[in-house]
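# For reference, the sequence and a predicted model appear below.
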Protein chains: 2
Amino acid sequence: MSSQKVEIIPLGGLGEFGMNMMFIRHGTSAVVIDSGLMFPDDELLGVDIVIPDISFLKQNRDQIRAVLLTHGHEDHIGALPFVLSEVNVPVYGTSFTLALAKQRLEEHGLLDSVTLVEVEPRQRITLGDLEVEFIRVTHSIVDAVALAINTPTGTIIHTGDFKIDPTPIDHKNFDAERFEEYGRRGVLALMSDSTNVERSGNTPSERAVHARFDEIFSTATGAIVVSCFATSLHRLQVVLDTAHKFHRQVVFLGRGMLQIYQLATEMGLLHFEPTLCVRPGSERLPPRERMVYIATGSQGEPMAALARIAVDENKYFKIEVHDTVIISARMIPGNEKSVLRMVNHLYKRGAEVYYDDGSQPPIHVSGHASAEELKWMIQTIRPKFFIPLHGEYRQLMRHAQLAQETAAVSHQIIVMESGDHLVIDQEEAVLLDKVPVGRVCLDEGTLEEVDEVVMRERRHISEDGIVLPIIAINKHTGALERTPEIVSRGFVMMDQNEELMANAGGVVLKTLEGSSLEEKTDQTVIRNKITRDLKKFLFKQTQKRPMVLPVILEI
Amino acid sequence: MSSQKVEIIPLGGLGEFGMNMMFIRHGTSAVVIDSGLMFPDDELLGVDIVIPDISFLKQNRDQIRAVLLTHGHEDHIGALPFVLSEVNVPVYGTSFTLALAKQRLEEHGLLDSVTLVEVEPRQRITLGDLEVEFIRVTHSIVDAVALAINTPTGTIIHTGDFKIDPTPIDHKNFDAERFEEYGRRGVLALMSDSTNVERSGNTPSERAVHARFDEIFSTATGAIVVSCFATSLHRLQVVLDTAHKFHRQVVFLGRGMLQIYQLATEMGLLHFEPTLCVRPGSERLPPRERMVYIATGSQGEPMAALARIAVDENKYFKIEVHDTVIISARMIPGNEKSVLRMVNHLYKRGAEVYYDDGSQPPIHVSGHASAEELKWMIQTIRPKFFIPLHGEYRQLMRHAQLAQETAAVSHQIIVMESGDHLVIDQEEAVLLDKVPVGRVCLDEGTLEEVDEVVMRERRHISEDGIVLPIIAINKHTGALERTPEIVSRGFVMMDQNEELMANAGGVVLKTLEGSSLEEKTDQTVIRNKITRDLKKFLFKQTQKRPMVLPVILEI
């Protein structure tokens, strides 16, 4: 590859939701931006997490100088343990981002073997041909940054996830000045967060939830439970401030909350009077109408604190009539049903429940830029090339349309998907052949890959069950040693369908009788014949298509 | 039961979404209002439809005078074939409602054996102690009615599903006058639709989508595809009108659309110039920029027309760049992912896609009353008792709160769930013991019930797969006839885990060797021992908990 060109290769997160990962190379100097995971669809049965296929990273291991992290959300750091165990390069990120990355690495016993380098916004680091500057942005998590990657061929801006919050809770402002400066100097390519492109206007400040919290706290007569993402320190700060204002004390519930509480207080990222927070289970709690519980489980995760509270299974807290529950988080698509099921349970126990139902003032605000902010970014940077980042295809397309409307992109708008291999210079952008990408499905227990074949089997069995004809054949004569027996699971109730099972045995027997000795002693042939005949019979009888798995024992 | 009291027993739809069914009795005169189905949650593996348990109806068969239908949506008529095959009573409904019910009954070969009685709004029928009046309401489907059930003890109003549309597409107005008249006379109990109680204000008229359709049609340069529910005649009329206005011709795609098109034109419910609509596959189609395709599949159902178009598998229509797709329907909770997946595919083929993303003017409006309309209903009827209808528990609770705010309910607001048995008279409401209710899961192929045990088995296998140790034992000596063999599906890749499988075989062998002859010849005992030991071994090795199903052949 000529050293006059920049290669941009998204390895995840473009054309899909989650597992964000981007590969940037100039000459032989390459960096990886973010290493995120994705939570699986329902159809990925038994899969707990999904990470990007990193075979391309492994092929280019020698050129990769660093992993650069934009912020600490799971869809940006969750695959880090898997990436670093294959490609052990230094990881650069801001303080809170690295603190969260450390937790992940510690869980995998990798902390001792990796290099983590903390950076400050506006800091610059040199990695071979590349000089990287970290630029502070605002987002739902603190300490988020965008990246300016200065190459000999030009500057690439990668926004990470952002919104433009004019009044951030932590007073750490969006660094518009740096973006403006880069815009003035000229930028080769802008890659920008597409998550909220479908929303018009501007995303409200994190501060917008204050009004609603005040309103709810001022009328609440019982205990208050608030659930949000544990990493949303802005939101936690609002809850702490409101609790203080209304003379309530605070207990954190759930492992994730307790971890973050400890981490954030150690790091000085949460601000409150020392007496405000009380340990769960403490015996010196004030009466319930002076308590606020901050709980994990805003997505209805069945083992998290709020879901346990909803079914009265939490050790430290029980809902009573007139208590108030606030779910201060977006329902992530796919989680709506479990969240609403939890809400129903909470109502049944007598709680009043507030959640993100579109009512105003908002109980939750998004961390991603809406259309007007996205336009600001494009207008400010005025890049030669524009590449929409982070989103499903429709969001990338809409972001491309938005960029078109701004008329601020001088050369080309390019909608890329994971695996696309783009090469740009000052003149033109060329797409080369795709690089290998894909989703690797992992089981949380073993962290081993769940094979596609195994999932297909689970899917098949989960539809109509499995039927096993058991056949014992004399290995010398090919004669049946006993009548074929049928066992099934997930198909029909065996005890209520004895006749069906007996007839199915008859079908197998007939197949065997109609087969030659040669066929009977060739396991592949006889298996296929039995499967075919039994499937046909079962479909005719039941309209179901269970998996048929003949078990043939040669005795 | 004293004849001075009315019994109200919801058999489905209260505290759950779908399968609406209500039992009302005075003395020995009973009616059933609606007989709906529910679409299953993802966790009901292999289940196609869910209907209410009707054992209570069977027990009270002799007293049931009729099934009264409020309108023709599946969650109100879908269980009719199953109810009528057990309790064959006359069915009363308006013209379009019965037309849809007929389709359902015909599919089950029941049309000849049932009595369907068409009624007009404001018509009254006498069923024993009960006199029923049908009152026209507006909803997303035409011909919807509420019911006034006049009993010797007082009047019960059941709203069915409704909104108050001041400008209905078909000019058949919401009959406010009748509700007002009943309100003046005095109503014992009001039961009212809770579906949209969480929305403030008023639901827009069906006419509100006109503006958006005009806007989209006026700028569209290619073909236009519109998808909505086939039964939404109002919406179809808007599409036909807009197509006419913009000089486009119309083709209906998908079985459901073609059926409704035929039905509605026969019944004179759709109004258009005879030349507007063209058969799919016709050779005399105008160029694509003068075409509108109306397609099934607004929920992303994989076999429906729009989903097939999205993956370029529809026989009659292919998306080209610059075509426009309009999905004019709500995404039903649980369907978001499949709808958005379809949208991504459509974008990839170059279409511009509009769907219900909250943008204004709306591309879809709801058929259910929002808070202000619900208040109007309660204020107008001013009942003694108020019972929120149709919704999950949180919606029923919110509707109860809303009723409280109106201060228009003189005696009591009662939040009931399916199975609750309420008895009311002019003075008081008493809850008796629950009646049997529940969900019956059906397989679409056989229409047979899917047993809870079978589903549990599917769920178990779908998580971690199934492992089958195959053991052949000599039935006389208890000796092993051959080495135990392990077969698995949906667990791990067998060929990549030969060692694990061999070791698992060893575990089984050890269990057998450690068992007495007596144990070995008692299938229950030896099965349990093998299952226990193998489960333990497999969990230790893989952190997975597959279903273990020993197959023991006595030779």
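Cool, the structure landed.

# Please report the confidence value the model assigns to the nearest residue to residue A:449 once chain neighbours are set aside.
Nearest non-adjacent residue to residue A:449, counting by C-beta to C-beta, 6 or more residues apart in numbering or on different chains: residue A:440, 5.6 Å away. C-betas here are computed from N, CA, C, even on glycine. On pLDDT, residue A:440 comes in at 88.

# pretty sure residue A:440 is in a strand, no?
Yes: under DSSP: H, G, I helix; E, B strand; the rest coil, residue A:440 falls within a strand.

# Show me what it bridges to in the sheet.
Bridge pairing for residue A:440 (DSSP bridges) gives the partners residue A:51.

# What count of nearby residues applies to it?
By other C-beta atoms under 10 Å in any protein chain shown, the residues close to residue A:440 number 18.

# try residue A:131
15.

# ok now do the closest residue to it other than its chain neighbours, which residues does it touch?
The shortest distance from residue A:131 to any non-neighbouring residue, by C-beta to C-beta, 6+ apart, is to residue A:150 (4.3 Å). Residues counted as contacts of residue A:150 (C-beta atoms under 8 Å, 6 or more residues apart in numbering or on different chains) are A:130-133.

# Same question for residue A:217.
A:224, A:242-243, A:245-246, A:248.

# next one: residue A:468
A:486-488, A:548-551, B:468, B:551.

# Can I have the buried ones of these as a PyMOL selection?
Buried subset of the contacts of residue A:468, written as a PyMOL selection, criterion 16 or more other C-beta atoms under 10 Å in any protein chain shown:
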select buried, (chain A and resi 486+487+488+548+549+550+551) or (chain B and resi 468+551)
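
# Closest one to residue B:290 out of the contacts of residue A:468, please.
The nearest member of these to residue B:290, counting by C-beta to C-beta, is residue A:548 at 51.7 Å.

# Is the closest one bridged to anything, and to what?
Assigned bridge partners for residue A:548, using DSSP bridges, are residue A:467.

# Would you mind naming what in the stretch 351-500 of chain A lies close to chain B?
Applying C-beta under 8 Å from any C-beta of the partner chain, one finds that the stretch 351-500 of chain A approaches chain B through A:353, A:357-359, A:392-394, A:397, A:443, A:445-446, A:448, A:451, A:453-455, A:457-459, A:461-466, A:468, A:470, A:472, A:481-482, A:485, A:487, A:489-493, A:496.

# Inside helices: which ones of those residues?
Of these, the ones assigned to helices by DSSP state H are A:393-394, A:397, A:453-455, A:457-459, A:461-464.

# So residue A:23 sits against residue A:9, correct?
Yes: Residue A:23 lies in contact with residue A:9 (C-beta atoms under 8 Å); the separation is 4.2 Å.

# The helix ranked longest in chain A and chain B in contact?
Identified as the longest helix of chain A according to DSSP H is helix A:523-542. Yes: Helix A:523-542 reaches chain B (C-beta under 8 Å from any C-beta) through residue A:542.

# what is the orientation angle of that helix with helix A:452-464?
Angle of helix A:523-542 versus helix A:452-464, following axes from the mean of the first three to the mean of the last three C-alpha atoms, to 10 degrees, is 30 degrees.

# quick one: helix A:523-542 to chain centroid distance?
41 Å (C-alpha atoms, centre = their mean, to the nearest Å).

# any residues in contact with both of residue A:23 and residue A:9?
Joint contacts of residue A:23 and residue A:9 (C-beta under 8 Å, 6+ apart) are residue A:56.

# how about the residue nearest to residue A:449, what does it touch?
A:50-53, A:82, A:449.

# Give the buried subset of those as a ChimeraX selection command.
In ChimeraX, a selection of the buried entries from the contacts of residue A:440 looks like this (16+ other C-beta under 10 Å):
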select /A:50,51,52,53,82
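
# Pull the most distant pair out of the contacts of residue A:440.
Counting by C-beta to C-beta, the most remote pair of the contacts of residue A:440 is A:52 and A:449, 12.6 Å apart.

# how close does the residue of chain A most remote from its centre get to chain B?
Most distant from the centre of chain A: residue A:477, at 57.3 Å, with distances by C-alpha atoms, centre = their mean. In this view, residue A:477 and chain B are 14 Å apart by C-beta to the nearest C-beta, to the nearest Å.
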